[in-house]
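> what's the 3D shape of this:
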Amino acid sequence: MDFKLVNIGFGNVVVASRVVSIVSPASAPMKRLKDEAKKMGRLIDASQGRKTRAIIITDSGHVILSAIQTETITQRFVGRTGAVPETEEDETLLRKEKD
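As a prediction, this is how the structure comes out:
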């Protein structure tokens, strides 16, 4: 089996194919999602005690907290999966990551 792992900060990684969404934790619905996941035992705190800057949602319903910004994690996913950039900005980010 060949899993593509993506670093989400501080030596923590996720399997790229299992991630459904990467979202910002700032909104009230995301805060409720985090609280509900904690109650259900599906919250994984990978922020190492730092401020949560991204919430990663997996296909199993687990919610992962990361101290790395949403944009940074997204760049790592795009670089790992070989995704084709949809916008000129995406293409610029890909070029910077390769350099």
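> for S24, see how far away the closest residue to T70 other than its chain neighbours is.
Nearest residue to T70 in three dimensions, chain neighbours excluded: A54, at 4.3 Å (CB to CB, 6 or more residues apart in numbering). To be clear about C-beta, it is placed using only N, CA and C from the backbone, and glycine gets the same treatment. Counting by CB to CB, to the nearest Å, the separation of A54 from S24 is 7 Å.
> more neighbours, the two?
Neighbour totals were compared for A54 and S24, and A54 leads with 23 against 13 (other CB atoms under 10 Å).
> and V23, how many neighbours?
16.
> equivalent analysis for F3, please.
10.
> and if you look at T52?
Counted with other CB under 10 Å, residues neighbouring T52 total 19.
> give the residues shared as contacts by A54 and S24.
Counting by CB atoms under 8 Å, 6 or more residues apart in numbering, the shared contacts of A54 and S24 are T70.
> just to revisit the earlier point, identify the residues contacting the residue nearest to T70.
Counting by CB under 8 Å, 6+ apart, A54 has contacts I8, I22, V23, S24, P25, L65, S66, I68, Q69, T70, I73.
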